[in-house]
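J.: Fold the following for me, if possible:
(chains A and B, ligands or ions: 3)
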Amino acid sequence: MQVEPGQRVRIRVKVNGVYYEDEVEPRKLLVDFLRENLNLTGTKIGCDTSTCGACTVLLNGKSVKSCTVLAVQADGKEITTIEGLSSDSKLSPVQQAFKDNFALQCGFCTAGMIVQAHYILSEKREMTEEEVRDMIHGNICRCTGYQNIVNAILDASRRMRA
Amino acid sequence: MYPAQVGYYRPDSVEEALDFLDSNEGKVLAGGQSLIPMLKLRILKPKYLVDIGDLKELSFIREGEVASIGATTRHSELASRKVPGLEIVQETASKVGDIQVRNMGTVGGSLGNADPSADYPALFTALDATMVIRSKKGTREVKAGDFFKGAFTTALEPSDILEQIKVPTYKGYRQAYRKVVRRAGDFALVGLALLLKMEAGEVKDVRISFTGVGERPHRPLEAENALKDTKLTDGDVSRAMELAVKGVNPPSDSRGSSSYRREVMKRLLKNTLEEMRGAS
Ligand SMILES: Cc1cc2nc3c(=O)[nH]c(=O)nc-3n(C[C@H](O)[C@H](O)[C@H](O)COP(=O)(O)OP(=O)(O)OC[C@H]3O[C@@H](n4cnc5c(N)ncnc54)[C@H](O)[C@@H]3O)c2cc1C
Ligand code: FES
Ligand code: FES
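T.: Ligands and ions are numbered 1, 2, ... in the order given. Next up is the predicted model:
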């Protein structure tokens, strides 16, 4: 694939199980592609400097910061966003645990936090509080002080093991 | 925030990438975890990005007397794999940034970027690793000690691709990578890679390398030599601490002053040596 500066190129991605094709400039960031081209605005832009994790999505099953990935890098790959975690208006166990544990206040970090929680629980079902804190340190929350977020993830891990 | 207009080339092989780099003004893109932030800040405005991030032939970990690590191997892959005789690589990789960064970022990208506070440069300096570099002209090998030229500057030319890192193994060595950060996920204020071989209560071999204390990784050979054949008494450790900071003038910035960083260097070395001395 070769694209000249200023030109666009057609990319194809599978987002939340659905194939999409669109033309993008190589400089288009994945987060902007999701929000602007696909109208999937659940994924947030917090810092836009690779720091806060609000833009976290799964790329081929692995969590990444979509403000630090180009849409062309995702060409041919699978993406899961916050919109893809629940089905038929039923919350996923992690989403339910966030709700039950009051793990959000303003909610700006929440989409990224929940996607990251899904990822770490897909890697490891049983975790100590310390491990949870370590595994979400790429996600910043300015409201909650993290305690309820950590509780929610531990709660979700218990529910998913039950 | 988004990058300036840029072209994009995705080769199907290293050979294709080298051909393209030879005749175009391109910048290698691996995981993008250092490059994309710089493009967004418009510190860099290359004509083309040459995306080698998904080239299978560059992503591997091969064990052996001398192990080899492909340049686009993700931090997360290194963090989840114990390579016999190179346990320190796993420990270091698991301390780079956060999970999201480790899922995208590659070992070759970190080396190519050569941030003076990055973790792998100190690691591979301590391990005396060899960088295998390819260009249209051929393949050449550069020792880690010669690879890092200064802050964000390496032996790589714009048309080169770092193919792999060859790393001798250190069986029977105690190994540790320690870093001091002010906040989780930060680059190291000071980082230390330490390998120690003890036999009959005496130091047979020791390798020390610091990050974050200058433009390049710092390997204090005088401190290493002073520790050899000692019993690692408190006096030996104190002497090594002084020699480790001799002639080093770390940067001062908002995260710590130069003299504070020197103190952290000494403490990191002391604590890690004492830990290893205890763990027999
Ligand atoms: C939030 C955050 C926290 C971080 N924390 C740390 C940390 O604690 N410690 C740490 O060490 N690093 C840290 N990093 C940097 C991280 O390790 C990057 O992943 C790494 O520096 C770059 O790897 P990459 O594959 O993403 O390379 P890219 O960003 O794609 O490329 C980086 C540079 O290397 C060149 N390059 C890449 N691959 C090759 C190759 N094979 N041959 C020739 N040139 C090549 C590129 O042209 C570019 O100049 C952090 C980054 C972020 C965003
Ligand atoms: S918006 Fe991507 S990390 Fe903050
Ligand atoms: S709930 Fe407001 S930032 Fe986390």
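
J.: Off-centre distance for the longest helix anywhere in chain B?
T.: The longest helix of chain B (DSSP state H) is helix B:258-278. Relative to its parent chain, helix B:258-278 has a centroid offset of 19 Å by Cα atoms, centre = their mean, to the nearest Å.

J.: So which bits of that helix are buried?
T.: B:261, B:262, B:264, B:265, B:266, B:268, B:269, B:270, B:272, B:273, B:276, B:277 (16 or more other Cβ atoms under 10 Å in any protein chain shown). Where C-beta positions appear, they are placed from N, C-alpha and C, glycine not excepted.

J.: Contacts only, for the first one.
T.: It stands for residue B:261. Going by Cβ atoms under 8 Å, 6 or more residues apart in numbering or on different chains, residue B:261 touches B:189, B:190, B:212, B:213, B:250, B:251, B:252.

J.: Hmm, residue B:252 and the fourth one touching each other?
T.: It stands for residue B:213. No - contact criterion Cβ atoms under 8 Å: residue B:213 and residue B:252 do not qualify, at 11.5 Å.

J.: What residues of stretch A:47-61 count as buried?
T.: A:48, A:50, A:51, A:52, A:53, A:54, A:55, A:56, A:57, A:58, A:59.

J.: all strands for the stretch 51-200 of chain B, in order.
T.: B:61-62, B:66-70, B:130-135, B:138-143, B:148-150, B:153-154, B:161-168, B:174-180, B:190-199 (DSSP state E, counting those that start in this stretch).

J.: packing partners for the first one?
T.: It refers to strand B:61-62. strand B:66-70 (3 or more Cβ pairs under 8 Å, 6 or more residues apart in numbering or on different chains; DSSP states H and E).

J.: Starting from the strand it packs on, tell me which strands it pairs with and how they run.
T.: If you go by DSSP bridges, strand B:66-70 pairs up with strand B:61-62 (antiparallel), strand B:161-168 (antiparallel).

J.: for those strands, which one sits closest to residue B:50?
T.: Smallest distance to residue B:50 across the strands paired with strand B:66-70 (Cβ to Cβ): 8.6 Å, for strand B:161-168.

J.: got a list of what residue B:190 touches?
T.: So residue B:190 contacts B:179, B:180, B:210, B:211, B:212, B:213, B:250, B:261, B:264, B:265, B:268 (Cβ under 8 Å, 6+ apart).

J.: Can I get those in a markdown table including distance to residue B:127?
T.: As requested, these are exported to a markdown table (distance: Cβ to Cβ, whole Å):
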| residue | distance to residue B:127 |
| --- | --- |
| B:179 | 16 |
| B:180 | 21 |
| B:210 | 14 |
| B:211 | 13 |
| B:212 | 18 |
| B:213 | 18 |
| B:250 | 22 |
| B:261 | 23 |
| B:264 | 22 |
| B:265 | 19 |
| B:268 | 18 |
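
J.: From these, pick the one nearest ligand 2.
T.: Distance to ligand 2 across the contacts of residue B:190 (Cβ to the nearest ligand atom) is lowest for residue B:179, with 21.4 Å.
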